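**Student:** Provided below are the primary sequence and the corresponding predicted coordinates.
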Amino acid sequence: MTPSTTVTELRRDFHRHPEVGFCEFRTASRAAGVLADLGWDVAVGSDVLAPGARLGVPAPDVLEAAYRRAAETDADDRFLPAMRGGLTGVVATLRGNHPGPVVALRADLDALPLAESDAPDHVPAREGFGSRWAGAMHACGHDGHVAVALDLARRLSDLDFPGTVRLVLQPAEEGGRGARGMVAAGVADDVDVFFAAHLGMGLPTGTVCPAIPGLLANSKLRATFRGRAAHASMAPEQGRHALLGAAAATLGVHTMPSFSGHQTRVNVGLLNSGTSSNIVPDTAVMLLETRADDGAVNEDLERRVRDVLAGSAGMYGLELDVELVGAVTTALNDARLADVVERATRAAGATVTGPGAGIGSDDATAFMRRVQENGGAGCYFGIGADSPAPHHASRFDVDEAALPVAVAVLERVFRAGTATN
């Protein structure tokens, strides 16, 4: 991988080597190497990611195995050691030849814990760049985000732009776990203007939505129910059935009332318990989430869900531990930045469109909030990319024709010098 590698080649390389949150050692180190070779000032590790502010960090042995795999798979040794332990953030900065603000772009690094389709009509499988690492795949377009950011960095290396550009390569966007640590490290404190762009979003290739509204706040929880094992036939009364308590909690969570005037979501996505049909399970682990279109509403929804979990545990005589493993807040787009994106879209020959289908969450909102609290402005926009399947599905793919569109729009945004007008 060199500074002259095309955006499509970059995307395919990252797609072939998917790494989940805080395990993006190869992805982050190689991206840092490309940026350094282009002449950008690159910072990594604890300088850009506060270790104690991270949420949902994988176990040390998982991190170490991912680190070793990256070291054995052409990671960039100039930057890899500083990332050990899951410190996989990268920040690259370049000052232009003209005065202006500090303008940042977030690109997320992580893949999903999902097995990629090997169907012959799935383009990555057919073209030979499908995931080579079982159980992980880029099913949300983050491989494209990193590739676009690097190609943008190559174009901007001529320094013909106003102010300072900062590229923030963020780990662990999935689950809302990575932005908080980078914000805590101060990477957004001096940013005047913040952008985040996402490929896909239900938008067709060749279109751009200058501001995606209604991003949801969410809370990701891990609930562990602890009971007492017993023989399921000879002494069931001596047991404390962790699975029944967790199952009752699952049903209770999914009967949460709606909030008038707001969009809310709840979901139990994993429930794991038991070892045999004749043993009362003594442990059950649940992963669940809440979402809402307002941060305060989501906080209230999370409190109610915690009450349901505690009540269900109490009914079955169980102990309960609940851990927050991810959190995302809401943020509003600044209209003047949406205008900047709209003008750049038209100048690039792309089509301006409205939001696509569906509502999601993105912890880019943590950066937006910090910048806006400091008097700056932020915008989250969508860049259309056709896909044969929805985001987070095993057949998801990014139409690679969308990649040069994304670079062209972003280049015009950063060269315009109008981001703060």
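**Tutor:** Yep, it's here. Computed from a predicted structure; not experimentally measured.
**Student:** and the residue nearest in space to the middle of the chain, what is it in contact with?
**Tutor:** The residue lying closest to the centre of the chain (CA atoms, centre = their mean) is Glu173, at 1.9 Å. Glu173 is in contact with Gly21, Asp108, Leu109, Asp110, His142, Ala179, Asp362, Asp363, Ala364, counting by CB atoms under 8 Å, 6 or more residues apart in numbering. Just so you know, the C-beta spots here come from the backbone N, C-alpha and C atoms, and that holds for glycine as well.
**Student:** Pop out the phi and psi values for it.
**Tutor:** The phi/psi pair for Glu173 (degrees, to the nearest 10) reads phi -70, psi -40.
**Student:** Skip the chain neighbours and tell me the closest residue to it.
**Tutor:** Closest residue to Glu173 apart from its sequence neighbours, by CB to CB, 6 or more residues apart in numbering: Asp108 at 3.7 Å.
**Student:** and what of Glu237?
**Tutor:** Once flanking residues are discounted, Glu237 sits nearest to Ala230: 7.7 Å by CB to CB, 6+ apart.
**Student:** swap in Asp143?
**Tutor:** Phe14 (4.0 Å).
**Student:** okay, now the one you found: neighbour count?
**Tutor:** For Phe14, the count of nearby residues is 27 (other CB atoms under 10 Å).
**Student:** Make sure it is indeed in a strand.
**Tutor:** No. Going by DSSP: H, G, I helix; E, B strand; the rest coil, the assignment for Phe14 is helix, not a strand.
**Student:** Could I get the pLDDT score of it?
**Tutor:** On pLDDT, Phe14 comes in at 98.
**Student:** Can you give me every residue that contacts it?
**Tutor:** Contacts of Phe14 by CB under 8 Å, 6+ apart are Thr27, His138, His142, Asp143, Val146, Ala147.
**Student:** want to try TSV for those, with distance to Glu302 and secondary structure as columns?
**Tutor:** Formatted as TSV, those follow (distance: CB to CB, whole Å; DSSP: H, G, I helix; E, B strand; the rest coil):
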residue	distance to Glu302	secondary structure
Thr27	31	helix
His138	29	coil
His142	26	helix
Asp143	31	helix
Val146	31	helix
Ala147	35	helix
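**Student:** among the residues you listed, which ones are buried?
**Tutor:** Among the contacts of Phe14, those scoring as buried are Thr27, His138, His142, Asp143, Val146, Ala147 (criterion: 16 or more other CB atoms under 10 Å).
**Student:** still on that earlier bit, dig out what the residue nearest to Glu173 forms beta bridges with.
**Tutor:** When assigned by DSSP bridges, Asp108 has beta-bridge partners Gln170.
**Student:** which residues touch it?
**Tutor:** Counting by CB under 8 Å, 6+ apart, Asp108 makes contact with His142, His145, Val146, Leu169, Gln170, Pro171, Glu173, Gly178, Ala364.
**Student:** make it 10 Å
**Tutor:** Shown in contact with Asp108 (CB atoms under 10 Å, 6 or more residues apart in numbering): 21, 24, 140-143, 145-146, 149, 168-174, 178-179, 196, 198, 362-364.
**Student:** can you check Gly239 too?
**Tutor:** Neighbour list for Gly239: Gly227, Arg228, Ala229, Ala230, His231, Ala232, Ile279, Val280, Pro281, Asp282, Tyr316, Gly317 [criterion: CB under 10 Å, 6+ apart].
**Student:** So for the third one, what's the pLDDT?
**Tutor:** You'll see Ala229 listed with a pLDDT of 95.
**Student:** wait, is Asn267 part of a helix?
**Tutor:** No. Using three-state DSSP, the secondary structure at Asn267 is strand, not a helix.
**Student:** Just to be sure, Ala28 is in a strand?
**Tutor:** No. Ala28: not assigned to a strand; according to three-state DSSP it is helix.
**Student:** Phi, psi for the nearest residue to it once chain neighbours are set aside please.
**Tutor:** With CB to CB, 6+ apart as the criterion, Ala28 has its nearest non-adjacent residue at 4.3 Å, and that residue is Thr88. Geometry field for Thr88 lists phi and psi as phi -100, psi 30, criterion degrees, to the nearest 10.
**Student:** How about stretch 85-96, which residues are buried there?
**Tutor:** For stretch 85-96, the buried set under the neighbour-count rule, 16+ other CB under 10 Å, comprises Gly86, Leu87, Thr88, Gly89, Val90, Val91, Ala92, Thr93, Leu94, Gly96.
**Student:** Quick one: neighbours of the residue nearest to the fifth one when sequence neighbours are not counted, just the number.
**Tutor:** For Val90, ignoring the flanking residues on the chain, the nearest one in space by CB to CB, 6+ apart is Leu169 at 3.9 Å. Leu169: 29 surrounding residues under other CB under 10 Å.
**Student:** still on that earlier bit, report the contact partners of the residue nearest to Ala28.
**Tutor:** 19, 21-29, 31-32, 44-45, 48-49, 63, 66-67, 70, 79-80, 82, 109-110, 169-172, 178.
**Student:** Could I get the full set of helices for the stretch 1-150 of the chain?
**Tutor:** 7-16, 25-37, 60-71, 123-127, 142-156 (DSSP state H, counting those that start in this stretch).
**Student:** got the angle for the second one vs helix 7-16?
**Tutor:** Orientation note: helix 25-37 sits at an angle of 150 degrees relative to helix 7-16 (axes from the mean of the first three to the mean of the last three CA atoms, to 10 degrees).
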